[in-house]
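In: any chance you could fold what I've pasted below:
(chains A and B)
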Amino acid sequence: DVKVTQSSRYLVKRTGEKVFLECVQDMDHENMFWYRQDPGLGLRLIYFSYDVKMKEKGDIPEGYSVSREKKERFSLILESASTNQTSMYLCASSLSGGAFPEQYFGPGTRLTVT
Amino acid sequence: QKEVEQNSGPLSVPEGAIASLNCTYSDRGSQSFFWYRQYSGKSPELIMSIYSNGDKEDGRFTAQLNKASQYVSLLIRDSQPSDSATYLCAVVSGTYKYIFGTGTRLKVLA
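Out: The predicted structure follows:
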């Protein structure tokens, strides 16, 4: 079974803090993704990575950065947290390949910025 | 026009009935299609994937794909109260671009 874990289920941070969200997968997947999910807006892609040290911007990268130093680990960084970054953050991973394989999600981190 | 559209619901069905969930997409070049189930406060869980036209069955679930009409559907037979959740349709459009619908909320009434 694919297992994707995230460092925290719930997190409360103050405005202006630097926030690190970590994601680890144990299935040797090449691709890793960070999404945020908000009511009525669905899942929106922040960043994804298709290899170690490689990253691509998604639809809403502003205010975020990522790091992928090892294949199994993909970190999302909020450089200076703001209240509009209060959201559910979801990490996902998938194999690479000719077709577009399924994504598997971690349990999510509910971040509140006050 | 949204790239992936789903009726938000709620769709209410009695226990034991067939629940039919629909999704339309705008990119004709889309190649891969997925259904996820998401319980309240939890993350999405993959339940079906489909890549070619026609039906694909897995237990009580059947995914149907019609690329000419640009829709994908999910049928849940013998619906149970535990099936009550939000169902997300996901479509892959272009390299690495997974587009999710906003989901249909299903309520199965005991």
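In: burial measure for residue 84, as a count.
Out: Using chain A here. Here the neighbour count serves as a burial measure; for A:N84 (other Cβ atoms under 10 Å in any protein chain shown) it reads 9. Quick note: C-beta positions are derived from backbone N, CA and C, even for glycine.
In: please go with chain B instead
Out: The burial metric for B:S84, expressed as a neighbour count using other Cβ under 10 Å, is 20.
In: pLDDT value on it, please?
Out: Here, the pLDDT recorded for B:S84 equals 97.
In: which other helices and strands does the strand or helix carrying B:N22 contact?
Out: Secondary-structure element containing B:N22, defined by DSSP states H and E: strand B:19-25. Taking 3 or more Cβ pairs under 8 Å, 6 or more residues apart in numbering or on different chains; DSSP states H and E as the contact definition, the neighbouring helices and strands of strand B:19-25 are strand B:4-5, strand B:11-14, strand B:32-38, strand B:71-76, strand B:85-92, strand B:104-109.
In: what's next to that strand, contact-wise?
Out: Applying Cβ atoms under 8 Å, 6 or more residues apart in numbering or on different chains, the contact partners of strand B:19-25 are B:3-7, B:11, B:13, B:33, B:35, B:70-76, B:79, B:83, B:87, B:89, B:91, B:93, B:99, B:101, B:104, B:106, B:108.
In: could I get the helices and strands packed on strand B:19-25 as TSV with mean neighbour count and distance to A:T112?
Out: Output for the helices and strands packed on strand B:19-25, formatted as TSV (neighbours: other Cβ atoms under 10 Å in any protein chain shown; distance: least, Cβ to Cβ, whole Å):
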stretch	mean neighbour count	distance to A:T112
strand B:4-5	20	28
strand B:11-14	14	31
strand B:32-38	22	20
strand B:71-76	20	33
strand B:85-92	24	21
strand B:104-109	18	24
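In: could you list every helix and strand in contact with the least confident helix or strand in chain B by mean pLDDT?
Out: Counting by mean pLDDT, DSSP states H and E, the weakest-scoring helix or strand in chain B turns out to be strand B:98-100, with a mean of 90. Contacts defined by 3+ Cβ pairs under 8 Å, 6+ apart place strand B:98-100 against strand A:42-51, strand B:85-92.
In: close to chain A: what parts of chain B are there?
Out: If contacts are counted using Cβ under 8 Å from any Cβ of the partner chain, the residues of chain B sitting beside chain A are B:31-32, B:34, B:36, B:42-46, B:49, B:51, B:88, B:90, B:92, B:96-98, B:100-103.
In: go again with 7 Å.
Out: Of all the residues in chain B, those in contact range of chain A (Cβ under 7 Å from any Cβ of the partner chain) are B:31-32, B:34, B:43-44, B:46, B:49, B:51, B:92, B:96, B:98, B:100-103.
In: farthest-separated two in these?
Out: Across the residues of chain B next to chain A, the longest distance by Cβ to Cβ is 24.3 Å; it joins B:Q31 and B:S43.
In: more crowded one of these two?
Out: Neighbour totals were compared for B:Q31 and B:S43, and B:S43 leads with 21 against 15 (other Cβ under 10 Å).
In: take the helices and strands packed on strand B:19-25 and lay them out in a markdown table including distance to A:L43.
Out: Compiled in a markdown table, these are given as follows (distance: least, Cβ to Cβ, whole Å):
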| stretch | distance to A:L43 |
| --- | --- |
| strand B:4-5 | 10 |
| strand B:11-14 | 20 |
| strand B:32-38 | 9 |
| strand B:71-76 | 17 |
| strand B:85-92 | 7 |
| strand B:104-109 | 14 |
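In: that'll do, ta.
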